[in-house]
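Peer 1: My questions concern the predicted model and sequence given below.
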Amino acid sequence: MKRLQTLLGIALTGVLLNVGLSASAQPAKPGEATVVRVKGPASYSLGNDKWFPIVAGKFLPPGATIRTGDDGVVDLVLGKAIDLPQAKWVPERISQSVDSPVRGMTSFKPSAEQNVVRVMGNSVLVIEKLTTTDTGADTVSDTELDLKKGSIYASVKKLSPAAQYLVKTPTGIAGVRGTQFSISLNDDGSIRNVAVYKTQNDDGLVLAITPASGPVQTYLIADGQIWQPGNPNPVPMTTELRNTLQIIFSAIRTIYIEVVNFDYDHTKVLESSDFGF
């Protein structure tokens, strides 16, 4: 993996990333992943194979593993913790609604300054690294995710030149900048496909594949393209797939949570809005 990451770094630098020198003004601070929406069975572990249910408002540190069931879906915002009202349960921070069945509500929309990941059903995702460094002139982020099983959709902001965002898989690694994309794995952990829905400034996505034999294969996947094993190059995605991704990424970027049955005895029920399916 170290060899792969080195080769990927070279490819990313030469093709599109123009990575600068590491920031040294301030030490890197660990970030957190905020769970902003959950649907179906999902759990997390901080180690020792101990698993706990995931709920909206939960903060997950680097090292956490997210696991979803067949129908489970989890939306995460990566970086700084998002202080949702239900995270710390502060009743006075939830405004009353005019609709009597809904006693209060809050809405949250990820801006261009936040990275959002949707973990799909029957998936396992590890947050390996999540740090931010304040250089004085900029904030540099370093994100490394490890997709061990299943599939994810992710919306990544336009990063500073010195920042990096990597998604590892059992057979390859993707480097991303200012991109909305999806990665799906086969049951054996090999990559089924990588699709890029939209990019900022034609940044695209660099994918490095480690075949069973032979050299590492590197692909640049541009806006509106999909790569699948067996294809020598990425190809334009179908209109049907593009329309599907448009719905999903629209839902990802509009996190909307309703808090119902609000009581002051700390009883609450969370209902999530449409996930875009």
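Peer 2: Ah, there it is. Numbering: from 1, shown residues only.

Peer 1: going forward, measure contacts between C-alpha atoms and count neighbours the same way
Peer 2: Will do.

Peer 1: for whichever helix in the chain runs longest, packing partners?
Peer 2: Ranked by residue count and defined by DSSP state H, the top helix of the chain is helix 239-252. Judged by 3 or more C-alpha pairs under 8 Å, 6 or more residues apart in numbering; DSSP states H and E, the packing partners of helix 239-252 are strand 115-119, strand 151-155, strand 191-199.

Peer 1: Distance to Leu220 and mean neighbour count added to those, as CSV?
Peer 2: CSV is the format used below for the helices and strands packed on helix 239-252 (distance: least, C-alpha to C-alpha, whole Å; neighbours: other C-alpha atoms under 10 Å):
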stretch, distance to Leu220, mean neighbour count
strand 115-119, 21, 24
strand 151-155, 17, 24
strand 191-199, 10, 22
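
Peer 1: now those in CSV, with distance to Gly72?
Peer 2: CSV is the format used below for these (distance: least, C-alpha to C-alpha, whole Å):
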stretch, distance to Gly72
strand 115-119, 8
strand 151-155, 12
strand 191-199, 20
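
Peer 1: got CSV for those, with mean pLDDT too?
Peer 2: Formatted as CSV, the helices and strands packed on helix 239-252 follow (pLDDT from 0 to 100):
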stretch, mean pLDDT
strand 115-119, 91
strand 151-155, 94
strand 191-199, 94
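
Peer 1: re the thing from before, now do the longest helix of the chain against strand 115-119, angle only.
Peer 2: On the basis of axes from the mean of the first three to the mean of the last three C-alpha atoms, to 10 degrees, helix 239-252 is oriented at 110 degrees to strand 115-119.

Peer 1: what's the angle from helix 239-252 to strand 151-155?
Peer 2: 70 degrees.

Peer 1: and helix 239-252, what's its mean pLDDT?
Peer 2: The pLDDT scores in helix 239-252 average 89.

Peer 1: now the angle between strand 191-199 and it, please.
Peer 2: 70 degrees.

Peer 1: Which parts of the stretch 1-150 of the chain are helices?
Peer 2: With helices called from DSSP state H, counting those that start in this stretch, the stretch 1-150 of the chain shows them at 2-12, 85-88.

Peer 1: Could you give the bridge partners of Ala195?
Peer 2: Going by DSSP bridges, Ala195 is paired in beta bridges with Ser182, Ile226.
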